[in-house]
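Peer 1: Provided below are the primary sequence and the corresponding predicted coordinates.
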Amino acid sequence: MGKKVLVVDDSSTIRQQVNLALSQAGFEVVEAEDGADGIRQLGVHPDVAMVICDVNMPRMNGLEMLAQLRGTPRVPPILMLTTEAAMDLVAKAKSLGAKGWMVKPFKPDQLVAAAKKLTAA
Amino acid sequence: MKPDSWKRLHAQLARCCEALFRANALEVVEAGPVEHVGPYAQSIVSVIGFSGEQLSGSLALLLPPSVVERSHPLRETGPLDAAARHDWAGEVGNQLLGRLKNRLLSYGIVLQMATPMTFSGREVFGAGERHEGFVCLRFRAGDDAFDVVFDGAAQVDIALDADKEQPGADVEESTILMF
């Protein structure tokens, strides 16, 4: 099995699209539909090597999820994948520990390259 | 907001819509504003709200299922069920408002986006509002047509000045920043 990636997005289409791109590149993918579910899935799958996370989601958004994970041990690298492109949000995510920011729609080869880079360590 | 600023905003919306569908392999062309929304025999309606100190309102798309299917990122992986069509219609609303939001940043206008909701029906019809922040734009994609409805309310002193327009400074979708 390849390295495990958690995809957190309220759109099942986006989750499947990311899953397809990463699976074809050898990654194993698990999914969550919002930030709260994402935190729960990280507990279920402690071997997650990377998280890909949307920003605007119901219940708990991506930045709230980052804030909640901040300071907890063994947080995997997190790449934000969102329609948002405001630099203040990018800066906030960076300050909360995100390792990258990608604006939708994504190009599969770019996403795979980022996943390989962030899971290389 | 001045009438020419509304026109500029509505033009930005049209360009964002064409670019979004083009990024999903569907060429669409704005056919201009129309008086009434729909009706189409069958439609999936995607609605998303936005708020902000300068501008608030809602964006809705009235999409025939064929347009949703033709633009769906997973259209080549197999048949799409109703849940998949609804989810993508919601995501299209989300990404369209996201694009517009990012373009408006160059005018100093900041929006906060809600999350989308969708529903579907037959012969969905809507009468046009009669205020300057409202527009219903019709788009054509080959033999298909669909509508994008923008209903905005702004402070009167906001202006989308032409000299602030920065089409070359648009945020590139698929941009990736690594920290």
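Peer 2: Nice, thanks for sending it over.
Peer 1: Now chain A against chain B: closest residue?
Peer 2: residue A:83 (2.6 Å; CB to the nearest CB). C-beta here means a position set from N, CA and C on the backbone, and glycine is covered the same way.
Peer 1: Tell me which residues touch the spatially most central residue of chain A, please.
Peer 2: Among the residues of chain A, the one closest to the centroid is residue A:52, at 1.3 Å (CA atoms, centre = their mean). Residue A:52 makes contact with A:5, A:6, A:7, A:8, A:9, A:18, A:78, A:79, A:81, A:111, A:115, according to CB atoms under 8 Å, 6 or more residues apart in numbering or on different chains.
Peer 1: and those residues, which of them are in helices?
Peer 2: Using DSSP state H, the members of those that fall in helices are A:18, A:111, A:115.
Peer 1: ranges for the strands of chain A?
Peer 2: A:4-8, A:28-32, A:48-53, A:78-82, A:100-103 (DSSP state E).
Peer 1: now the ones you listed as JSON lines including distance to residue A:61?
Peer 2: Listed next are those as JSON lines, based on distance: least, CB to CB, whole Å:
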{"stretch": "strand A:4-8", "distance to residue A:61": "10"}
{"stretch": "strand A:28-32", "distance to residue A:61": "13"}
{"stretch": "strand A:48-53", "distance to residue A:61": "9"}
{"stretch": "strand A:78-82", "distance to residue A:61": "10"}
{"stretch": "strand A:100-103", "distance to residue A:61": "14"}
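Peer 1: Using CSV, write out the CA atom coordinates for stretch B:12-31.
Peer 2: Output in CSV follows, covering the C-alpha atoms of stretch B:12-31 (Å, rounded to 0.1, in the frame of the first residue of the first chain):
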residue,chain,number,x,y,z
GLN,B,12,-16.9,40.0,-14.4
LEU,B,13,-19.4,37.3,-13.3
ALA,B,14,-20.0,36.4,-17.0
ARG,B,15,-16.2,36.0,-17.6
CYS,B,16,-15.8,34.0,-14.4
CYS,B,17,-18.6,31.6,-15.5
GLU,B,18,-17.1,31.1,-19.0
ALA,B,19,-13.7,30.4,-17.5
LEU,B,20,-15.0,28.0,-14.9
PHE,B,21,-16.9,25.9,-17.4
ARG,B,22,-13.9,26.1,-19.9
ALA,B,23,-11.7,24.7,-17.1
ASN,B,24,-14.1,21.8,-17.0
ALA,B,25,-14.0,21.1,-20.7
LEU,B,26,-17.3,22.8,-21.5
GLU,B,27,-17.3,25.8,-23.8
VAL,B,28,-20.0,28.2,-22.8
VAL,B,29,-20.9,31.6,-24.2
GLU,B,30,-22.8,34.4,-22.5
ALA,B,31,-26.0,35.1,-24.4
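Peer 1: Mind listing the strands the top strand by length along chain B pairs with, and their directions?
Peer 2: Counting residues, the longest strand found in chain B (DSSP E) is strand B:36-51. Sheet pairing of strand B:36-51 (DSSP bridges) gives strand B:55-63 (antiparallel), strand B:112-113 (antiparallel), strand B:117-127 (antiparallel).
Peer 1: Quick one: name whatever helix or strand follows the last one.
Peer 2: In this case it means strand B:117-127. Heading C-terminal from strand B:117-127, the first helix or strand you meet, by DSSP states H and E, is strand B:134-141.
Peer 1: picking up where we left off before, would you mind giving the strands of chain A as CSV with mean pLDDT added?
Peer 2: Shown next, in CSV, are the strands of chain A (pLDDT from 0 to 100):
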stretch, mean pLDDT
strand A:4-8, 98
strand A:28-32, 98
strand A:48-53, 98
strand A:78-82, 97
strand A:100-103, 94
